[in-house]
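Peer 1: need coordinates for the following:
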Amino acid sequence: MSDTEKAFQINVSDADIEFLHKKLELTRFPDELDEAGWNYGAPLADVRRLVARWQDGYDWRKVEAEINAIPQFTRDIDVDGFGTLNIHYIHQRSSVATAVPLLFVHGWPGHFLEVRKMLPILTAASPDHPSFHVVALSLPGFGFSEAPKKKGFRGLQYAEVANKLMLALGYNEYVVQGGDWGYYVCKVLVGEYGTKTVKAWHTNTPVAGPPSVWKHPGRFLLFLVKPWTAAERAGFVHSQTFLKKGSGYFAEQTTQPQTVGYSLADSPAGLLAWIYEKLVQWTDSYPWEDDEVLTWISIHWFSRAGPAASTRIYYEVIQHDPGAFLAGKYSPIPFGLSFFPKELTIVPKLWTRTLGNVVFEADHEKGGHFGAHERPDDIASDLRKMFGKGGPAYGVVPGKDGYADHNARL
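Peer 2: The predicted structure is shown next:
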């Protein structure tokens, strides 16, 4: 692959910003029942306030400059059967030459900026803990990456893009971390490239079904006789509540993403409400600031392919493989888990053992679905423990233990 890397800076045109403001000015809000609260979805008062701030007060240029302080790039990646896609990514190197190469993979409605809070933590040099070279791509169709034009762009293709990106950056061996769709892409990466290029993986969204009598007979017997813990029972109730009350978006985006796409692409208020609901309800009482929400939504609104493109991952993957999140190729490489009490789906730990070679796990008292954004210190700490000296994945990338010393500086 030729070296097509180019430095990238977000530069939304004045015309696009003016157009957004005009659309916001013309917003027609729905009515709302008295005392509806969150029972029917995003409250009218919240959306009105955010739309007003987005239209008059939110400073995208200031935010844009802050994001552009992070080293970003684009690169052409050839995808088998889908031509060449121009992929956007963050590449934040540590000052430690032997830092562990780490690929961070986001999900939906996330984007590459989910990694931002973890960057200074993970890249920090120290003789006491490992440091990481961090790569965070915008998945095709998200953020500032080009979207595929052909049908059928699924897990294998996302994994191919991610692996080829790491190889193009000179990381012939690396580790991966992800949640939500990032977890799924990491799982496919491990299944396809585990032991070859991917040396270990970690997730904060371990989704799994019960052990199979055919594939996991020992664990299946344990599943039959081992009682659930109080936390696992509470997690089951939490998961059922989400399925009954919070999964309507999933049904729509896995069946008719184009239909909802018209609203997301045409109405910034509609896009805001569609995603704001998830930001609030999927987190663990996270104190969202209005401008923080608007930055998150603005990345979708100003995205290269438009706000509808990112929803198609649901259709392409789930229509092809309804059990995509529950199953996958087993790999013996080290696997780490971080458990947060307000994750959308919480399964018994015994079930997660069917996903891979679990060597590390950590339980956290607080946190929800957007772990990297909500609890960056927790996930970064777990990665340091997993890949640090005495940890179960220490030295898994040969010659890259991540510890600073006098001979390991760039």
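Peer 1: next SSE downstream of the helix or strand of the chain with the lowest mean pLDDT?
Peer 2: Here the helix or strand of the chain ranked lowest by mean pLDDT, DSSP states H and E is helix 217-225, holding a mean of 69. Moving toward the C-terminus from helix 217-225, the first helix or strand encountered (DSSP states H and E) is helix 230-245.
Peer 1: using PDB, write out every CA atom in that next one.
Peer 2: Backbone C-alpha positions of helix 230-245 (Å, rounded to 0.1, in the frame of the first residue of the first chain) are rendered in PDB as follows:
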ATOM      1  CA  ALA A 230     -26.900 -10.400  43.400                       C
ATOM      2  CA  ALA A 231     -25.000  -8.100  41.000                       C
ATOM      3  CA  GLU A 232     -25.700 -10.500  38.100                       C
ATOM      4  CA  ARG A 233     -29.500 -10.700  39.000                       C
ATOM      5  CA  ALA A 234     -29.600  -6.900  39.100                       C
ATOM      6  CA  GLY A 235     -27.800  -6.800  35.800                       C
ATOM      7  CA  PHE A 236     -30.300  -9.100  34.200                       C
ATOM      8  CA  VAL A 237     -33.200  -6.900  35.400                       C
ATOM      9  CA  HIS A 238     -31.300  -3.800  34.000                       C
ATOM     10  CA  SER A 239     -30.800  -5.500  30.700                       C
ATOM     11  CA  GLN A 240     -34.500  -6.500  30.400                       C
ATOM     12  CA  THR A 241     -35.500  -2.900  31.100                       C
ATOM     13  CA  PHE A 242     -33.300  -1.700  28.300                       C
ATOM     14  CA  LEU A 243     -34.700  -4.200  25.900                       C
ATOM     15  CA  LYS A 244     -38.300  -3.300  26.700                       C
ATOM     16  CA  LYS A 245     -37.800   0.500  27.000                       C
END
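Peer 1: next secondary structure after it?
Peer 2: helix 248-255.
Peer 1: helices or strands up against that following helix?
Peer 2: helix 257-266, helix 312-320 (3 or more C-beta pairs under 8 Å, 6 or more residues apart in numbering; DSSP states H and E). Where you see a C-beta, it was placed from the backbone N, CA and C, and this is true even at glycine.
Peer 1: list the buried residues for it?
Peer 2: 249, 252-254 (16 or more other C-beta atoms under 10 Å).
Peer 1: got JSON lines for the residues you listed, with distance to Ser285 too?
Peer 2: JSON lines is the format used below for the buried residues of helix 248-255 (distance: C-beta to C-beta, whole Å):
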{"residue": "Tyr249", "distance to Ser285": "21"}
{"residue": "Glu252", "distance to Ser285": "27"}
{"residue": "Gln253", "distance to Ser285": "26"}
{"residue": "Thr254", "distance to Ser285": "29"}
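Peer 1: would you list those residues in a markdown table and tack on distance to Asn172 and pLDDT?
Peer 2: Formatted as a markdown table, these follow (distance: C-beta to C-beta, whole Å; pLDDT from 0 to 100):
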| residue | distance to Asn172 | pLDDT |
| --- | --- | --- |
| Tyr249 | 38 | 96 |
| Glu252 | 41 | 97 |
| Gln253 | 35 | 97 |
| Thr254 | 36 | 97 |
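Peer 1: between those, which is closest to Val105?
Peer 2: Taking C-beta to C-beta as the measure, Val105 lies nearest Gln253 of these, at 18.6 Å.
Peer 1: report the separation between Glu343 and Val396.
Peer 2: 25 Å (C-beta to C-beta, to the nearest Å).
Peer 1: for Val207, see how far away the residue positioned nearest the centre of the chain is.
Peer 2: Centroid-nearest residue in the chain: His106, 2.0 Å away (criterion: C-alpha atoms, centre = their mean). Using C-beta to C-beta, one gets 16 Å for the distance from His106 to Val207.
Peer 1: so where's this structure uncertain?
Peer 2: Scanning the chain with the threshold set as pLDDT under 70 gives 1-2, 213-214, 217, 220, 223-225, 406-410.
Peer 1: mind running it again at 80?
Peer 2: 1-3, 210-227, 326-328, 406-410 (pLDDT under 80).
Peer 1: so which residues of it form strands?
Peer 2: 6-8, 72-79, 83-92, 100-105, 132-137, 174-178, 198-203, 334-339, 357-363 (DSSP state E).
Peer 1: any chance of CSV for those, columns mean neighbour count and distance to Thr123?
Peer 2: CSV is the format used below for the strands of the chain (neighbours: other C-beta atoms under 10 Å; distance: least, C-beta to C-beta, whole Å):
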stretch, mean neighbour count, distance to Thr123
strand 6-8, 12, 18
strand 72-79, 19, 15
strand 83-92, 20, 6
strand 100-105, 28, 10
strand 132-137, 26, 6
strand 174-178, 28, 14
strand 198-203, 26, 17
strand 334-339, 24, 19
strand 357-363, 16, 21
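Peer 1: alright, I will stop here.
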